[in-house]
Structures are given as C-alpha cells and as structure tokens.
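K.L.:
Here is my input, please return the structure:
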Amino acid sequence: MLTLDLGNNVWLLGVVDNGILKMVKIRITGPTTSIWLDTRVDAEYDSSCAFQPTFLEACFTAADRLGRDAFPVASAAWGIMPDTKLTAAAINSGMPLPTKLSRYLGNKVWLLGVVDGGILKMVKIWARTPTESEWLGSRINFDYDPSCAIETTFGEACYAGGIGLTKETFPVSFRATEPPIFWSILPQTSLTSSEVNDVTPLPVKLTRDLGNNVWLIGVMDGGILRMAKIKVLGQSTSELLGTRSDAHFDPRCAIQATFGEIGRAHV
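P.N.:
Here you go, the predicted model:
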C-alpha cells in the first residue's frame, strides 16, 4: 500500500496491480470512516510512483480519472479502546475516568475528553504505539456547548474553546487498536535458488494476495511453474510458508489475472 498525507485529514492511497497504478483520494472522518474524493489509474506511471518515499501528489494528478465505485476503500485508523482513561487528582476526585469522547484528527492524533462534575476536560495526544502516547495539549472548558458532551459532535471546536493547561493536569492511561498494514509485492521481488534459472534470480511476474499479508508468488522457469507462499513481515522481510513446482500446470496459472491456488502442484 502506498500512502500520502495531504493534510487536513486528506490522504492518497495507492497500489500497483497488474502493472497499473491504482489510486484513491479520501478524507478520513473517523476511526473506520472516510469520504471519497477521487479515483485515478495510470498504466504508464513514472517508476518512482511505485515506491513509498517517492509516491507524490504528482503521481495522482498525472493519472486518468475514474468513477467513485471503481475502487471502494475499507478505511482503517487507530481506534481508542474503552479502557483509555484520564487520570490524576484533578479528575473525578483522583479516580480515573474512562474517556467517553474521542475525535480522530488524522495522522494518529486524537482528541480525548470527559465531562467531570459539569466540566469538560480534554487532552490531545499522538498515538505512538497501541499502549503509548505523546502529549500534545490539555484544556478545560467550564462553559462548553452541549454538543461537545456528545460523541458524534465532539470535535476540535470544543477543544479550541477551552483554557490551556499543563501536561501533568490530565495524564492519560492509553489503550488503542492499531490498524492493519497491507503490503504489496514490488517488481524487484525475485525467486532465488540453485533450482531457479541456473542460479540467476528471476523477477516475480505472478502474484496473488491471499489475505492477512500472505502472498503466493510465482515465475515461469524453462516451462516449469515455480511458486512460493510467503507472509510479508516488512518492506524487505518475509516468512517462507512453502514452495512448489509444477511442470504440468494449468495454463491459467501462467497468467497474472488467473494465477492462484488452482491446478495440481508437486512439491
């Protein structure tokens, strides 16, 4: 997955699929919700657009526009768990209060709040890990708008109307769920072995995403279909789950569009 934060909760998402760069522009509106803004494809994209460090807005603007439903997006962001609490003597007479109000501001930044004794108490944090956060600000509001006490209408305006406080005023006992990371197989992925192409690495031409970051990859080597099943662990690391070769493969297995776990394969 290629991603680019354009600011104001707007993101570009992209994947290279069968040699085509497919991209969607969305605005994040909540932990699992987004608004579609645009969809584009480019069959002749600049090679730099296939790499995360050089995936830029120019890659998107140079592409051809498609309709809204071409590539539906399942949006995923960090989720604040119920056992996240505001703590300290200034909260609930020293008893931690679960955060009932939360607003995702994008880029792992969250606004958290509680109403304690008729006072709106808020903290802005950056989610470092599912159990660690970095403090960005604390505010208190004695005369808040009633909409700020409701989850669906709690937002930045509520925080902006408050009075700034120090970091120690409302420490956060933080718990969150981290979004899944979806990996894509890049063209420079190769199969290597003494049994492949006379020891010369062969670039992977066949790929199938099996879900949960498990991939089936394959190459044609002298009329033999050679395959590996891997679990992607990072940008350059994977765990080998199995390898197979088939000299009598179904012809559909040599085509990217129909390559998958079909036909007979011999270990």
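
K.L.:
quick one: low-confidence parts of the chain?
P.N.:
Screening the chain residue by residue with the criterion pLDDT under 70, one finds the ranges 1, 8, 29-33, 69-97, 106-107, 128-131, 170-202, 211-213, 233-236, 261-267.

K.L.:
mind giving me the domain ranges of this structure?
P.N.:
Following the assignment in automatic domain parsing, the chain carries domains at 2-66, 79-177, 190-258.

K.L.:
ok, and the closest non-adjacent residue to residue 26?
P.N.:
Taking CB to CB, 6 or more residues apart in numbering as the measure, residue 26 lies nearest to residue 34, with 4.2 Å between them; neighbours along the chain are not counted. To be clear about C-beta, it is placed using only N, CA and C from the backbone, and glycine gets the same treatment.

K.L.:
Does that neighbour touch residue 25 like I think?
P.N.:
No - counting by CB atoms under 8 Å, residue 34 sits too far from residue 25 to count as a contact (10.0 Å).

K.L.:
would you turn the domains of the chain into a markdown table with mean neighbour count?
P.N.:
Rendered in a markdown table, the data for those read as follows (neighbours: other CB atoms under 10 Å):
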| stretch | mean neighbour count |
| --- | --- |
| domain 2-66 | 16 |
| domain 79-177 | 16 |
| domain 190-258 | 15 |
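
K.L.:
Could you list which residues are in contact with the residue lying closest to residue 111 once chain neighbours are set aside?
P.N.:
The shortest distance from residue 111 to any residue that is not its chain neighbour, by CB to CB, 6+ apart, is 4.3 Å, and that residue is residue 103. The contact partners of residue 103, taken as CB atoms under 8 Å, 6 or more residues apart in numbering, are 110-111, 154-156.
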